[in-house]
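Participant: need coordinates for the below:
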Amino acid sequence: MMETRVAGLAAVEAATELLHRARLADAEGGLWEAADIQWWWRMPRRSDDVEQLFWMDADGPVAGALLTDWREAWGCDLIAVAGVAPGRSELLGRAVRRSDELGLDVVDMLVRDDDTELMSLATSAGFAATDDRSGEMWMAVEERPEVAPLAAGFILADRTAAEGAHPMSRRNGEHVEDRLRQCSLYDPALDLSIRTPDGELGGYGLFWHDPTTGVGLVEPMRVEDAYQRRGLGRGLLTAGLERLAGRGSRRLKVGYATAPARELYLGCNFRLTATATTWRRSAGAGQGRWRSAGPV
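Facilitator: Now for the predicted structure:
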């Protein structure tokens with residue numbers, strides 16, 4: 001097994017291949033889909049130029065320790081193919097040493113609440129649990145609800161023939177569409193938005209079909225504050241799920257970070273499969289207590 005480092009879009013492609021292998025090896029394990037990593041590419045980040053750590057065998061990546069700039073903190077994500085990857089003690093140790101090498105002040109790691117091994121390792125590495133909680137949900141495509149109609153005057157559109165600024169540009173920057181189109185799983189026909197009777201943006205949702213794993217991912221979805229409680233969320237979600245079904249997705253997945261989002265997804269037949277907590281480490285935490293094999 002060989003360790004390698006790659007940066008930029010090449011790292012996104014390596015992570016995509018790795019997550020394909022991980023999902024095919026474990027139907028509901030881990031936290032991320034390949035489309036999640038591609039969604040993270042939507043805006044320029046300091047981490048674009050950081051060489052990410054991957055472990056390779058003859059068939060490609062088997063593990064990765066990814067560091068992502070989220071502005072208020074850096075994210076640390078350990079991804080491994082069950083049964084063939086190095087132990088997570090080694091992966092986390094290398095990630096921690098790499099973050100210290102880069103001088104990162106604050107590093108967050110999302111840990112499933114049923115993953116007692118990783119929680120123990122995180123504690124030894126100087127991480128501490130925060131109050132930030134989230135969850136993930138799955139659904140078989142046959143269980144999707146019927147498409148809910150939008151309120152009169154509201155119009156659903158995709159990016160196949162759209163003009164003007166991308167609906168997500170206000171929150172994600174002017175380069176969001178260019179960056180998304182660099183990603184292998186992005187499909188403009190699954191990039192949906194809702195316009196109000198006055199032509200304003202009412203909401204948007206991005207739906208990702210992964211033909212390798214058969215997973216259809218919802219990431220992100222938002223209804224603007226002024227247009228909430230009008231059924232737009234359900235209309236947008238059910239329309240997107242129907243398009244994923246048409247692309248051939250066999251299973252559907254969504255994550256949530258707020259109670260209203262959780263209730264919307266439960267109401268559309270998703271089932272809660274895992275919750276997770278953000279664990280945080282400040283620079284230098286755990287030094288002198290953490291041991292890991294291998295060079296920086």
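Participant: contacts for stretch 173-190, please.
Facilitator: Residues outside stretch 173-190 that contact it (CB atoms under 8 Å, 6 or more residues apart in numbering) are 9, 12-13, 16, 34-35, 38, 41-44, 158-160, 162, 165-166, 168-169, 191, 206-210, 240, 243-244, 247. Quick note: C-beta positions are derived from backbone N, CA and C, even for glycine.
Participant: kindly provide the distance from Met109 to Ile79.
Facilitator: Applying CB to CB, to the nearest Å, the value for Met109 to Ile79 is 12 Å.
Participant: once you drop chain neighbours, what's closest to Arg250?
Facilitator: Distances taken as CB to CB, 6 or more residues apart in numbering place Gly214 nearest to Arg250, at 3.9 Å, with adjacent residues excluded.
Participant: my guess is that neighbour contacts Gly248. True?
Facilitator: Yes. Between Gly214 and Gly248 there is a contact under CB atoms under 8 Å: 7.1 Å.
Participant: of these two, who's got more company?
Facilitator: Legend: neighbour count by other CB atoms under 10 Å for Gly214 and Gly248, higher for Gly214 (17 against 12).
Participant: where do the strands sit along the chain?
Facilitator: In the chain, the strands defined using DSSP state E lie at 2-6, 52-57, 60-69, 74-80, 106-112, 128-140, 155-158, 191-195, 201-210, 215-223, 251-256, 271-282.
Participant: and the ones you listed as a markdown table, adding mean neighbour count?
Facilitator: Formatted as a markdown table, the strands of the chain follow (neighbours: other CB atoms under 10 Å):
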| stretch | mean neighbour count |
| --- | --- |
| strand 2-6 | 13 |
| strand 52-57 | 20 |
| strand 60-69 | 22 |
| strand 74-80 | 22 |
| strand 106-112 | 20 |
| strand 128-140 | 15 |
| strand 155-158 | 16 |
| strand 191-195 | 22 |
| strand 201-210 | 24 |
| strand 215-223 | 22 |
| strand 251-256 | 23 |
| strand 271-282 | 17 |
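Participant: next one: stretch 66-76 to chain centre, how far?
Facilitator: Stretch 66-76 has its C-alpha centroid displaced from the chain centroid by 13 Å (CA atoms, centre = their mean, to the nearest Å).
Participant: how long is it from one end to the other?
Facilitator: 6 Å (CA to CA, to the nearest Å).
Participant: run through who's touching that stretch.
Facilitator: Contacts of stretch 66-76 (CB under 8 Å, 6+ apart): 11, 15, 37, 40, 45-47, 50, 52-53, 65, 77-79, 95-96, 98-99, 102, 104, 106-110, 280-281.
Participant: rounded mean pLDDT for that stretch, please.
Facilitator: Across stretch 66-76, pLDDT averages out at 97.
Participant: what does stretch 204-216 give?
Facilitator: Averaging pLDDT along stretch 204-216 gives 98.
Participant: please save the CA atoms from it in CSV.
Facilitator: The C-alpha trace of stretch 204-216 is given here as CSV (Å, rounded to 0.1, in the frame of the first residue of the first chain):
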residue,chain,number,x,y,z
TYR,A,204,-33.2,26.1,-4.6
GLY,A,205,-32.0,22.5,-4.4
LEU,A,206,-29.2,20.5,-5.9
PHE,A,207,-29.7,16.8,-6.6
TRP,A,208,-26.9,14.5,-7.4
HIS,A,209,-27.2,11.1,-9.2
ASP,A,210,-24.2,8.8,-8.8
PRO,A,211,-24.4,6.1,-11.4
THR,A,212,-21.6,4.1,-9.8
THR,A,213,-23.3,3.6,-6.4
GLY,A,214,-27.0,4.2,-7.4
VAL,A,215,-27.3,6.8,-4.7
GLY,A,216,-29.2,10.0,-5.3
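Participant: what are the buried residues along stretch 22-32?
Facilitator: Residues 22-23, 25, 30-32 are the ones in stretch 22-32 that count as buried (16 or more other CB atoms under 10 Å).
Participant: relative to Ala274, which of these is nearest.
Facilitator: Closest approach to Ala274 among the buried residues of stretch 22-32 (CB to CB): Leu31, at 7.7 Å.
Participant: how close does the closest one sit to Gly248?
Facilitator: Leu31 is 24 Å from Gly248, where distance means CB to CB.
Participant: cool, Thr130 as well?
Facilitator: 38 Å.
Participant: which residues touch the nearest residue to Thr130 once chain neighbours are set aside?
Facilitator: Distances taken as CB to CB, 6+ apart put Thr278 closest to Thr130, at 4.8 Å, once the chain neighbours are dropped. Going by CB under 8 Å, 6+ apart, Thr278 touches 108-111, 129-130, 132-134.
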